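Everything below, folded, please.
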Amino acid sequence: MTVPPLFLGLDVDGAGHHPAAAALSGLSAAGLVSGTRLARTVRHAEHAGLTFASFADALLPTIPGDTTSARLEAVTRAAFVSRTTTAIGLVPQVPTTYPEPFHVAAQLAALDLAASGRGGWLAAVTPGDAAPAAYGRAAVADLDREARDVVQVVRDLWDSWEDDAVIRDVATGRYVDRDRIHRVDFTGATFSVVGPLITPRPPQGQLVVLARAGDVDPAGRDAEALVDVRLVGGADVAGARAAAADARTGPGAAPLAAVEVEVVLDADGRTARDRLAELDGGSPWVAGAPLRHVGDTAGLVALLTGLAADPAVAGVRLLPAVLDVDLPVLAHEVLPALRAARLTAAPRSGATLRDHLGLRRPANRFAGTARRTA
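A predicted model of the protein is given here:
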């Protein structure tokens, strides 16, 4: 049986996924949010053949009071590099909990337009007590319900303009066909949305929606699949493969599952274990949901090969400990080995992120229905 290509994502946030990456990299706070550095990193990932880059986000610093944990808003960063890249997918993390869903839908639709169909959305829940105060909102009691409501409303808003709603008829002075623009009226526990989006339907119809296991979970036996790619982890490869299989079964199951893998590689003449020990001396990297590989490139290739052999695993999102150290090793040793084994394929210029993931372009849910007048 032919194994379909494994898609590979890379998180490009800050100096790396390890909490001590910024401090040990010697980068200043300004250097960490430099547009020049970000563009260089994402181009490096594109040239290496990675399918998409993801951009982590949080309203508050990950380390309170530490300027090296500061970041710029994720959609802004993704939009910035949309004009310096041609093939790689761009997937910013945007919370489902406190930002206004209407603005989320418009920002992401604009990103997909700027990137010519390469946009995605990592939908994330925001727990804790500090975020609502920063947004000037009351705390959301039911985070799961809020996440489902927000993702559903954003998807509805993306469909509020049919594909042929924009006509640009100079002779008649008509820019849009009003009969192909539809109202989305929603009232939930914490927010309401009225009317159509102010942005035409994205090039992909719907951006690719990713979410970690436990976020944006379906509810009810007839739940609609709100997530395209479910991100899972595990204590070992067997656990990750089982989690991927679970993510693709049951009500509201995601069409695709991808395994998150934290990576520390042998590099610069040092072993991965020595590098990790030094990093942990600055701030321990607590093991979480993702798999973790600490070792040489051959071991990582073997791990990814084992994941690719499982039909439940469609892809992997790599979380490098230190971007400037681990990304060059991934680009020069890991990606070429996977391509030589025909386990992965580089993204193509002119194709959409949905194309690269093998996801069809969805039909507009309002197409053919009567226009809802104001």
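
Now do stretch 327-346: everything it contacts.
For stretch 327-346, the external contacting residues (CB atoms under 8 Å, 6 or more residues apart in numbering) are 3, 5-8, 10, 41, 44-45, 47-51, 87, 263, 265-267, 297, 300-301, 304-305, 308, 318, 320. Where you see a C-beta, it was placed from the backbone N, CA and C, and this is true even at glycine.

Count the neighbours of T249 for me.
Look at T249: counted by other CB atoms under 10 Å, it has 10 neighbours.

Can you list the buried residues in stretch 237-247?
237, 240-241, 243-244, 247 (16 or more other CB atoms under 10 Å).

got the contact list for the nearest residue to R361 once chain neighbours are set aside?
Here the nearest residue to R361 in space, its sequence neighbours aside, is G205; by CB to CB, 6 or more residues apart in numbering that works out to 4.8 Å. The contact partners of G205, taken as CB under 8 Å, 6+ apart, are 158-159, 163, 361-364.

Kindly report the same for V153.
Counting by CB under 8 Å, 6+ apart, V153 touches 101, 105, 184, 186, 188, 193.

quick one, strands of the stretch 151-300 of the chain?
Ranges of strands in the stretch 151-300 of the chain, per DSSP state E, counting those that start in this stretch, are 166-169, 174-176, 186-187, 192-193, 208-212, 229-232, 256-265, 291-295.

Can you give the strand pairings for the fourth one, parallel or anti for each?
Here strand 192-193 is paired, per DSSP bridges, with strand 186-187 (antiparallel).

Let me know the helix or strand that the nearest residue to T84 once chain neighbours are set aside is in.
Leaving aside its chain neighbours, T84 sits nearest to A39 (4.7 Å; criterion: CB to CB, 6+ apart). Using DSSP states H and E, A39 sits in helix 35-48.

Could you identify the helix or strand that succeeds that helix?
For helix 35-48, the following helix or strand on the C-terminal side (DSSP H and E) is strand 52-55.

Next, give phi and psi for the spatially most distant residue from the centre of the chain.
Going by CA atoms, centre = their mean, the residue of the chain most distant from its centre is A171, 42.2 Å out. Main-chain dihedrals, A171, degrees, to the nearest 10: phi -60, psi -40.

Then L10?
Main-chain torsions, L10, degrees, to the nearest 10: phi -140, psi 130.

my guess is it contacts L318, does it?
Yes - at 5.0 Å, L10 counts as touching L318 under the criterion of CB atoms under 8 Å.

Looking at stretch 267-275 now, give me its mean pLDDT.
Averaging pLDDT along stretch 267-275 yields 97.

Please apply the same query to stretch 241-256.
91.

now stretch 213-233
Stretch 213-233 comes out with an average pLDDT of 84.

cool, stretch 282-295 as well?
93.

Stretch 336-350 too?
Mean pLDDT, stretch 336-350: 95.

What of stretch 119-137?
Stretch 119-137 comes out with an average pLDDT of 87.

Tell me the buried residues in that stretch?
119-126, 131-132.

what does stretch 211-222 give?
In terms of neighbour count (16+ other CB under 10 Å), stretch 211-222 has its buried residues at 211-213, 215-218.

quick check, distance from it to the centre of its chain.
17 Å (CA atoms, centre = their mean, to the nearest Å).

And for that stretch, what's in contact with it?
Contacts of stretch 211-222 (CB under 8 Å, 6+ apart): 96, 122-125, 144-145, 147-148, 151, 209, 224-227, 229-233, 243, 247, 250-253, 260, 289.

for this protein, which helix is longest?
Ordering each helix of the chain by length in residues (DSSP state H) puts helix 143-158 first.

Just the CA atoms of that helix, as CSV, please.
Output in CSV follows, covering the C-alpha atoms of helix 143-158 (Å, rounded to 0.1, in the frame of the first residue of the first chain):
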residue,chain,number,x,y,z
LEU,A,143,-14.4,27.3,27.8
ASP,A,144,-15.4,24.3,25.7
ARG,A,145,-18.8,25.8,24.7
GLU,A,146,-17.2,29.1,23.9
ALA,A,147,-14.6,27.4,21.7
ARG,A,148,-17.3,25.5,19.8
ASP,A,149,-19.4,28.6,19.4
VAL,A,150,-16.6,30.8,18.1
VAL,A,151,-15.2,28.3,15.6
GLN,A,152,-18.7,27.6,14.3
VAL,A,153,-19.5,31.4,13.9
VAL,A,154,-16.2,32.1,12.2
ARG,A,155,-16.8,29.3,9.7
ASP,A,156,-20.3,30.7,9.1
LEU,A,157,-18.9,34.2,8.6
TRP,A,158,-16.4,32.9,6.0
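
That helix - what's its average pLDDT?
In this model, helix 143-158 has an average pLDDT of 95.

one step back: go through the contacts of G205 and give me the one with the most neighbours.
For those, neighbours tallied by other CB under 10 Å; top is W158, 26 neighbours.

That one contacts L197, doesn't it?
Yes - counting by CB under 8 Å, L197 is a contact partner of W158 at 7.0 Å.

residues in contact with L323?
With CB under 8 Å, 6+ apart as the criterion, the residues that contact L323 are 12, 14-16, 21, 41.

please redo it, this time with the cut-off set to 6 Å
By CB atoms under 6 Å, 6 or more residues apart in numbering, the contact set of L323 is G16.

Which members of the buried residues of stretch 119-137 occur in helices, if any?
The helices, defined by DSSP H, take in 131-132 from the buried residues of stretch 119-137.

Turn the buried residues of stretch 119-137 into JSON lines, columns for distance to I167.
Output for the buried residues of stretch 119-137, formatted as JSON lines (distance: CB to CB, whole Å):
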{"residue": "G119", "distance to I167": "24"}
{"residue": "G120", "distance to I167": "29"}
{"residue": "W121", "distance to I167": "28"}
{"residue": "L122", "distance to I167": "34"}
{"residue": "A123", "distance to I167": "32"}
{"residue": "A124", "distance to I167": "37"}
{"residue": "V125", "distance to I167": "39"}
{"residue": "T126", "distance to I167": "40"}
{"residue": "A131", "distance to I167": "42"}
{"residue": "P132", "distance to I167": "43"}
